[in-house]
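Enquirer: Pasted the sequence and its predicted model underneath.
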2 protein chains.
Amino acid sequence: MSVAIENFVKAIYNNDKHDIKDTKPGNIAKKLGISNAAATDMAKKLAAKNLLNYEKYQALQLTEQGTKMALNVIRKHRLWEAFLFKMFDMTLHDIHREAELLEHQTSDLLAEKISEYLGHPKFDPHGDPIPNANGEITTEDTSISLAEAVEGKTYTIARLMSDDKEFFEFCAQNQIRYRNTLTVSKQFIGNKMTQISIGSNTIVLNEDFTKIIYVDEN
Amino acid sequence: MSVAIENFVKAIYNNDKHDIKDTKPGNIAKKLGISNAAATDMAKKLAAKNLLNYEKYQALQLTEQGTKMALNVIRKHRLWEAFLFKMFDMTLHDIHREAELLEHQTSDLLAEKISEYLGHPKFDPHGDPIPNANGEITTEDTSISLAEAVEGKTYTIARLMSDDKEFFEFCAQNQIRYRNTLTVSKQFIGNKMTQISIGSNTIVLNEDFTKIIYVDEN
DNA sequence: ATTTATTTTTAAGTAAGCTTAAATATTTTA
DNA sequence: TAAAATATTTAAGCTTACTTAAAAATAAAT
């Protein structure tokens, strides 16, 4: 399938899971940076290909086939992230950008080789679950946003939910990495600022950052 | 640049170097599997972009800019081949197919990371030279076709000049690999059949195969 | 040196994946 | 609940990268 189609079903899948849970054409268009008209157009085409259900003015819903395609692309994306993260010294943001391109040009064979090399990992370096070759994906998620974390407790970083360059540069500089351990040492200004200890560092995070860092209680 | 454009300049570059040394639209079209009309069309477009010189009925000639683009893509292709060959157990044919796709979706940064990881190799697993980041490429080549090799002499495999699946499966089964050593033990039926020893194996090659294996005298 | 064959070019047309503008439907809010 | 705001759809049009068919030029062969 074409890059445009793969990105379209991926956007629907992701929107459905995390974001605003709104998969109407306008939201998908916004996410992909295309016009609403283009999204409606594409929706009709993909409905004809049985990748999604389209009814005028309704939210777009992936069919089983469409979901399978989305998970196949997401698998490749996350495997590339894990692989590049392991092999090369690059920021998570750069790795994300590479994976965004490579995911569409990767055979199932190569994906399997990468997965095998990495020991069939279940999560990528953002903490996102990696679908297996059959399109099965771990859905259980006990993590909470750092914004809801409790002063004095110790946590493990479960997810870095962002594509933002600045955020990942900040992460790289402050040992904020998937599976690292941190302790919440102080919450202040109405819980909008959070001071954490991570490794030997003590840093203060603003609200924006605490909202996109997800943690599991230790 | 688009995939179509990158493949077009690459085809011209390669035709100019190895093949029939004919870069007229029809030959490029044949190589790319598109119609002659499409090739002429593209040639005009690329001339407008200063990637090649186009004159009616004449061979296509890459400009400096076009050559640079071709070498940049070829660099990425060959780095991927070298990298995948090192990392994964895949046939040269499979590796070639993956590289053919990945080459167009690889940033200069990632190419550099791969090159660095491999210790800036000068040749890929087919024995093709890898252009450096400045678009400089090793051109010296002392190798001869195995069809011209001499009975009794020992050679090093310098180049496997093919994209053919069956050929590479044969290679994989018979230790025919870039830089391996072989001895020509017998030439017969008017030098059309060549018997070689490679490792502990003795195998007979037909004319087709001897023509695409290039060797250096030891 | 003509005829014949082959290549190249031109012309017209197609599909994919977009755009903007206008019409229509839905949602919000006063 | 009617008006205003927002979203969605339709319509028309664009660009890229192709296609086939026919015309024109070049190359090969008798």
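Expert: Right, received. Where do you want to start? Numbers count the residues shown, from 1 in each chain, chains lettered A, B, ... in the order given.

Enquirer: hey, let's count contacts and neighbours off CA atoms from now on
Expert: Noted.

Enquirer: For chain A, which residues are neighbours of DNA strand D?
Expert: A:24-27, A:36-38, A:40-41, A:55-59 (CA under 7 Å from any atom of the strand).

Enquirer: are any of the residues you listed buried, and which?
Expert: Among the residues of chain A next to DNA strand D, those that count as buried by neighbour count (16 or more other CA atoms under 10 Å in any protein chain shown) are A:24-27, A:36, A:40, A:59.

Enquirer: neighbours of residue A:48, just the number please.
Expert: When neighbours are counted by other CA atoms under 10 Å in any protein chain shown, residue A:48 registers 12.

Enquirer: which of the residues of chain A next to DNA strand D are close to DNA strand C?
Expert: Contacts with DNA strand C within the residues of chain A next to DNA strand D, as defined by CA under 7 Å from any atom of the strand: A:36-38, A:41, A:57.

Enquirer: Need the residues you listed in a markdown table (columns: secondary structure and pLDDT).
Expert: As requested, those are exported to a markdown table (DSSP: H, G, I helix; E, B strand; the rest coil; pLDDT from 0 to 100):
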| residue | secondary structure | pLDDT |
| --- | --- | --- |
| A:36 | helix | 97 |
| A:37 | helix | 96 |
| A:38 | helix | 97 |
| A:41 | helix | 96 |
| A:57 | coil | 94 |
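
Enquirer: DNA strand D versus residue A:100, what's the distance?
Expert: 20 Å (CA to the nearest atom of the strand, to the nearest Å).

Enquirer: Go ahead and confirm that residue touches residue A:78.
Expert: No: using CA atoms under 8 Å, residue A:100 is not in contact with residue A:78, being 9.4 Å away.

Enquirer: Between the two, point out the one with more neighbours.
Expert: residue A:78 (28 against 19).

Enquirer: Quick one: list the elements packing against the host helix or strand of residue A:115.
Expert: Using DSSP states H and E, residue A:115 falls within helix A:108-117. With contacts defined as 3 or more CA pairs under 8 Å, 6 or more residues apart in numbering or on different chains; DSSP states H and E, helix A:108-117 has these neighbours: helix A:64-87.

Enquirer: Contacts for the helix it packs on next, please.
Expert: Outside helix A:64-87, the residues within contact range by CA atoms under 8 Å, 6 or more residues apart in numbering or on different chains are A:6, A:9-10, A:13, A:50-52, A:90, A:92, A:95-96, A:99-100, A:102-104, A:106, A:111, A:114-115, A:118, A:123-125, A:128-133, A:135.

Enquirer: Can you give me the buried ones in it?
Expert: A:66-85.

Enquirer: Now find how far off-centre the helix or strand that that helix is followed by is within its chain.
Expert: Downstream of helix A:64-87, the first helix or strand assigned by DSSP H and E is helix A:92-102. Offset of helix A:92-102 from its chain centre (CA atoms, centre = their mean, to the nearest Å): 12 Å.

Enquirer: Residue ranges of each domain in chain A, please.
Expert: With domains defined by automatic domain parsing, chain A comprises A:3-62, A:74-139, A:144-217.

Enquirer: Pick the most buried one from those.
Expert: Of all the domains of chain A, domain A:74-139 has the most neighbours on average by mean count of other CA atoms under 10 Å in any protein chain shown, namely a mean of 19.
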